[in-house]
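>>> here is a sequence together with a model predicted from it:
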Amino acid sequence: MIELVHLGKVFQTAAEPIVALEDVSLTIEDGEIFGIIGLSGAGKSTLVRCINLLERPTSGDVLLDGKSLLALPQKELLTVRRQIGMIFQSFNLFEQRTVLKNVCYPLEIAGVSKAEAVKKARKLLELVSLADREKAYPSQLSGGQKQRVAIARALATDPKYLLCDEATSALDPNTTQSILSLLKKINRELGVTIVVITHEMRVVDQICDRVAVIDKSRIAEIGRVSDIFSNPQSEIARELILPQSPLTKKKIGKERVRIIFDGTEAQPAIADMVLACQTPVSIIFADTKELDGKSYGHMIIQLPEDAMQAERITAWLNASGLKFTKEAQ
């Protein structure tokens with residue numbers, strides 16, 4: 001497992017010290033997909049770079065399988081780092097190398113023979129569905145294909161852990177979905193523990209088992225994605241789950257309800273509710289999607305001002321089994 005113990009990171013500048021991380025402690029279990037989410041500047045990218053000591057913490061410790069990375073001699077640290085693959089938002093491919101040679105690169109550094117490196121690289125390209133593009137150069141690839149090459153390269157040294165720093169931020173929604181599906185496949189078939197750094201809740205709720213919410217250099221909340229999604233405790237988690245817009249701020253009526261779709265069977269819930277209750281409602285905000293016949297996301301509806309009509313809707317929601325919470329205005 002990965003353990004961060006009272007981790008701190010301060011950057012010294014000419015003007016004044018900048019605190020990037022402060023007293024961060026968390027544990028990432030083997031085999032899980034763990035998310036770290038926060039707004040820009042919250043410290044999440046610094047945090048993930050501290051895991052493999054690309055950034056050396058100012059205080060605290062990083063334990064990998066119970067072993068302190070900060071205590072390791074440089075030679076041993078380089079060996080241990082091979083257990084930690086990393087992919088980035090900008091792909092970081094070598095433009096002068098073919099796809100195959102990009103994937104071979106870490107194997108070359110590790111002293112693997114050319115024949116073995118090529119054999120393994122081709123196997124990884126097959127895993128990421130790019131076997132037919134091994135002779136192409138990065139400039140000939142789409143963004144999603146570049147990220148698949150980066151993933152194959154990160155897997156070349158058989159890492160136990162894969163760190164993904166905003167790996168889908170530069171991709172369109174359909175490509176993002178395909179990359180997330182690939183990461184789930186890698187986790188399921190290879191048993192690789194995956195750490196996902198993102199500012200998008202939609203990425204976390206599609207792929208992660210647990211999530212840490214980071215705000216202003218500190219951990220604001222840690223828990224299972226379903227728990228935080230349905231009942232966020234921190235202000236920053238609520239902001240990430242329910243981005244503010246003029247509609248969500250506008251007061252209409254007396255009460256609002258947030259309906260949570262966390263993998264229930266897809267159904268026309270709002271239409272069914274309106275027909276059953278014979279009461280119209282206003283949809284203030286919606287962010288829902290259907291995956292494999294199941295619904296994910298959330299929706300804010302405005303209850304009618306009439307108390308009896310509002311009560312009918314609340315009773316229907318209770319009977320339907322849908323998760324929902326009353327929202328403060």
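Right, received. Where do you want to start?
>>> biggest helix in the chain by residues?
Longest helix in the chain by number of residues (criterion: DSSP state H): helix 173-190.
>>> with just CA atoms, put that one into PDB.
The C-alpha coordinates for helix 173-190 follow below in PDB (Å, rounded to 0.1, in the frame of the first residue of the first chain):
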ATOM      1  CA  PRO A 173     -15.700  13.500 -23.300                       C
ATOM      2  CA  ASN A 174     -15.800  10.400 -25.600                       C
ATOM      3  CA  THR A 175     -12.100   9.900 -25.500                       C
ATOM      4  CA  THR A 176     -12.000  10.500 -21.700                       C
ATOM      5  CA  GLN A 177     -14.600   7.700 -21.400                       C
ATOM      6  CA  SER A 178     -12.400   5.300 -23.400                       C
ATOM      7  CA  ILE A 179      -9.300   6.100 -21.400                       C
ATOM      8  CA  LEU A 180     -11.200   5.600 -18.100                       C
ATOM      9  CA  SER A 181     -12.500   2.200 -19.400                       C
ATOM     10  CA  LEU A 182      -8.900   1.200 -20.200                       C
ATOM     11  CA  LEU A 183      -7.700   2.200 -16.700                       C
ATOM     12  CA  LYS A 184     -10.400   0.100 -15.200                       C
ATOM     13  CA  LYS A 185      -9.400  -2.800 -17.400                       C
ATOM     14  CA  ILE A 186      -5.700  -2.500 -16.300                       C
ATOM     15  CA  ASN A 187      -6.800  -2.400 -12.700                       C
ATOM     16  CA  ARG A 188      -9.000  -5.400 -13.100                       C
ATOM     17  CA  GLU A 189      -6.800  -7.600 -15.300                       C
ATOM     18  CA  LEU A 190      -3.300  -6.600 -14.100                       C
END
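>>> helices or strands up against that helix?
Identification of packing neighbours for helix 173-190 by 3 or more CB pairs under 8 Å, 6 or more residues apart in numbering; DSSP states H and E yields strand 33-37, helix 143-154, strand 161-165, strand 193-198, helix 201-207. Using the backbone N, CA and C atoms, a C-beta is placed for each residue, glycine as well.
>>> just say which of the ones you listed is most tucked in.
strand 33-37 (a mean of 27; mean count of other CB atoms under 10 Å).
>>> chain center to it: distance?
5 Å (CA atoms, centre = their mean, to the nearest Å).
>>> for the next helix-or-strand element following it, packing partners?
Counting by DSSP states H and E, the element after strand 33-37 in chain order, helix or strand, is helix 44-51. Judged by 3+ CB pairs under 8 Å, 6+ apart, the packing partners of helix 44-51 are strand 2-11, strand 18-28, strand 33-37, strand 161-165, strand 193-198.
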